[in-house]
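Colleague: Sequence unavailable; structure follows:
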């Protein structure tokens with residue numbers, strides 16, 4: 001099933017999600033992850049947080065190429081109840097979001113991150129990431145905290161972002 005992606009302005013995108021009880025999630029998780037993956041692929045995303053499809057779970061899925069080769073298979077990274085352990089470095093790059101389609105903004109992100117979380121089997125894991133995976137983890141964790149990537153923009157950029165959102169919003173479903 002392909003979910004409709006929740007757009008900017010929906011209150012669930014600004015809600016800090018509470019830790020999810022894995023035992024409650026476990027019976028529905030395989031189908032939910034399959035549906036989230038189909039949704040992410042259908043809208044050409046790299047990641048998807050549960051609240052972006054209207055669900056109140058502290059869960060996100062990231063689809064990342066396994067290598068730099070063109071047409072490399074995608075690796076699925078599932079993070080449940082993630083917490084940052086470490087962030088290092090900084091890079092400023094353009095970023096977008098499925099909940100703000102068409103908007104691209106240069107924002108700062110850490111170049112290297114380490115998180116702890118549960119994986120899709122409910123196992124406690126530590127993930128060290130850099131590059132696109134580090135950026136995607138930070139983006140999806142922002143969603144779980146009730147933040148959006150535009151929150152990282154400089155104050156000088158915010159009026160232009162608001163203007164661009166106003167222009168783009170009529171094109172959103």
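Modeller: Thanks, I have the structure now. Quick caveat: nothing in here was measured; it's all calculated off a predicted structure.
Colleague: longest strand anywhere in the chain?
Modeller: In the chain, with assignment by DSSP state E, the single longest strand is strand 74-88.
Colleague: Tell me which helix or strand comes right after that strand.
Modeller: strand 91-95 (DSSP states H and E).
Colleague: ranges for the helices of the chain?
Modeller: Using DSSP state H, the helices found in the chain span residues 22-25, 29-42, 131-144, 158-168.
Colleague: what packs against the shortest one?
Modeller: Contact partners of helix 22-25 among helices and strands, from 3 or more CB pairs under 8 Å, 6 or more residues apart in numbering; DSSP states H and E: strand 74-88. Every residue, glycine included, has its C-beta placed from N, CA and C.
Colleague: likewise the third one?
Modeller: Using 3+ CB pairs under 8 Å, 6+ apart as the contact criterion, the secondary-structure elements in contact with helix 131-144 are strand 47-49, strand 59-65, strand 74-88, strand 91-95, strand 105-109, strand 112-118.
Colleague: of all those, which lies closest to residue 19?
Modeller: strand 74-88 (4.7 Å; CB to CB).
Colleague: check contacts around the residue most central in space within the chain.
Modeller: Geometric centre of the chain, nearest residue: residue 140, 2.4 Å, by CA atoms, centre = their mean. Contact partners of residue 140, counting by CB atoms under 8 Å, 6 or more residues apart in numbering, are 47, 48, 49, 60, 61, 62, 79.
Colleague: So which of these is the closest to residue 148?
Modeller: Looking at those and their distance to residue 148, the nearest is residue 49, at 10.7 Å (CB to CB).
Colleague: measure the closest residue to the closest one other than its chain neighbours to residue 167 for me?
Modeller: In space, and not counting its chain neighbours, residue 49 is closest to residue 143: 3.5 Å by CB to CB, 6 or more residues apart in numbering. Using CB to CB, to the nearest Å, residue 143 is found at 23 Å from residue 167.
Colleague: same check, this time on residue 43
Modeller: 20 Å.
Colleague: what's near enough to touch the residue nearest to residue 49?
Modeller: 13, 49, 51, 52, 60 are the contacts of residue 143 under CB under 8 Å, 6+ apart.
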